[in-house]
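1. Quick one: sequence plus predicted model below, questions after.
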Amino acid sequence: MRALRLVEIGKLSLVELADPSAAPNEIIIETIATGVCGSDVHGYTGENGRRFPGQVMGHETVGRISSLGSDIDSNLYPVGALATVNPVILPASEKQEYEGREQHAPRRRVLGVDPTIVSAFAERFAVPATNVVLLPELLNPLHGALIEPLAVALQAVRRIGIVRGQVVLVVGGGPIGQSCILAAKRAGAARLIVSEPNDARRGLCAALGAEVIDPGQSVVPDAVHALTGGVGVDVAIDAVGATSTIADALLSTVLGGRVCLVGMAQPNVSLAAYRISTDEKSLVGSFTYPAETFNEAAKWVAEGDSALDLLVSQVVEPDEGDMVFKRLASSLDVPAKVLVRFAPDRPIDKIALTVDTLKAS
């Protein structure tokens, strides 16, 4: 089978690997398409130290059940069924103790991060049946690859406690920020403001219903206070995760406001500790999701939300993988998600949406 292997930092190669075989409790997924996550790109460049040469990455995926391990009931998991995969894999010994907070299990493994697992940038891969989430026959099966980033966004919204009627700032309008816009709207946010330096991404965020700020042209907290009549926002989500963006988020919120850190651009940052204390701000982290939140994201996609069409900018073939990673590592010129398609589940050619197309949708 074909797979994209990180042969060295800064280089992916399309290689031939042996087809996987399913352990008794596993299912083989035949990949339709897998999304390129920002963490994959940072692993490709070596920035985050969480990807390793020799591994096959990929965790935002959709495919079809190809074959079953000997212990799997084919009535529950029919061969040929459309499915996605929850990447957070727990050993059986921790499933009961960490039910509802699976992301906290100390021995969890993450598909696409664990270098010992051949993951979803491959034509086929094996996962425990408990991580397979069945999907209905979606009008656009590629939307199944958006479930994982939408789950990240839902978890961030839950962690920060967005409720109906609030004004929300999202710092960073890339794919996770875009998912956070939709998740915050779903939670009932009355107004959304997004800070994003890239023009194409600002256009997409505006198409999703957000008011946009260019941090290259305005001081973000000043612009936020101008938009809110000097009040500030109730809560903020930092989908970047850098010293400057956390500062923007904290300074843009009301006294007693809350900020959720979901971006991971910098492993270490500086904080205005006194200001956090005296303004009684709260800063919370969010990383992956419990299984119930992932399942909720799958149900959301199954509803057929038309806004999801805006979250995919480009679909490429596996032999274009290295080119796409190089481009994403050096430029923000792709507004939304790039998917690597391994199987043409329906006759869909490469997608390259323009900002004008998005605004007209």
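-> Alright, I've got the coordinates.
2. first vs last residue of stretch 166-182, how far apart are they?
-> 14 Å (C-alpha to C-alpha, to the nearest Å).
3. List the pairing partners of the host helix or strand of Ser66 within its sheet, with orientation.
-> Taking DSSP states H and E as the definition, one finds Ser66 inside strand 60-68. According to DSSP bridges, strand 60-68 forms sheet pairs with strand 26-35 (antiparallel), strand 82-85 (antiparallel).
4. Next, please give the residue ranges for the strands of the stretch 251-361 of the chain.
-> For the stretch 251-361 of the chain, the strands defined by DSSP state E, counting those that start in this stretch cover 253-261, 282-285, 312-316, 337-341.
5. quick one, which of the ones you listed is nearest to Thr293?
-> Thr293 lies closest to strand 253-261 among those, at 14.0 Å (C-beta to C-beta). To be clear about C-beta, it is placed using only N, CA and C from the backbone, and glycine gets the same treatment.
6. Could you give me the buried positions within the closest one?
-> Thr253, Gly257, Arg258, Val259, Cys260, Leu261 (16 or more other C-beta atoms under 10 Å).
7. what's the answer for stretch 57-76, then?
-> Residues of stretch 57-76 classed as buried: 57-69, 72 (neighbour count, 16+ other C-beta under 10 Å).
8. again, but for stretch 240-255
-> Buried-residue list, stretch 240-255, by 16+ other C-beta under 10 Å: Val240, Gly241, Ala242, Thr245, Ile246, Ala247, Asp248, Ala249, Leu250, Leu251, Ser252, Thr253.
9. Domain-wise, how is the chain divided?
-> Following automatic domain parsing, one finds the domains of the chain at 2-149+289-360, 156-285.
10. hmm, back to that, would you reformat the strands of the stretch 251-361 of the chain as TSV and include distance to Ser39 and mean pLDDT?
-> Listed next are these as TSV, based on distance: least, C-beta to C-beta, whole Å; pLDDT from 0 to 100:
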stretch	distance to Ser39	mean pLDDT
strand 253-261	15	97
strand 282-285	15	96
strand 312-316	18	95
strand 337-341	13	97
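11. can you redo those strands as TSV with distance to Ala189?
-> Putting the strands of the stretch 251-361 of the chain into TSV (distance: least, C-beta to C-beta, whole Å) gives the following:
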stretch	distance to Ala189
strand 253-261	13
strand 282-285	17
strand 312-316	23
strand 337-341	22
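12. Quick check, pLDDT for Glu47.
-> In this prediction, Glu47 carries a pLDDT score of 80.
13. Tell me where the stretch 101-250 of the chain has strands.
-> Ranges of strands within the stretch 101-250 of the chain are 109-110, 124-128, 132-134, 167-171, 191-195, 211-213, 233-238, based on DSSP E, counting those that start in this stretch.
14. Which of these sits closest to His143?
-> From these, taking C-beta to C-beta, the stretch that ends up closest is strand 132-134, at 13.3 Å.
15. ok so, going back, could you tell me the least trusted of the domains of the chain?
-> domain 2-149+289-360 (a mean of 91).
16. picking that back up, single out the most deeply packed of the domains of the chain.
-> Neighbour counts (mean count of other C-beta atoms under 10 Å) averaged over each of these peak at domain 156-285, with a mean of 20.
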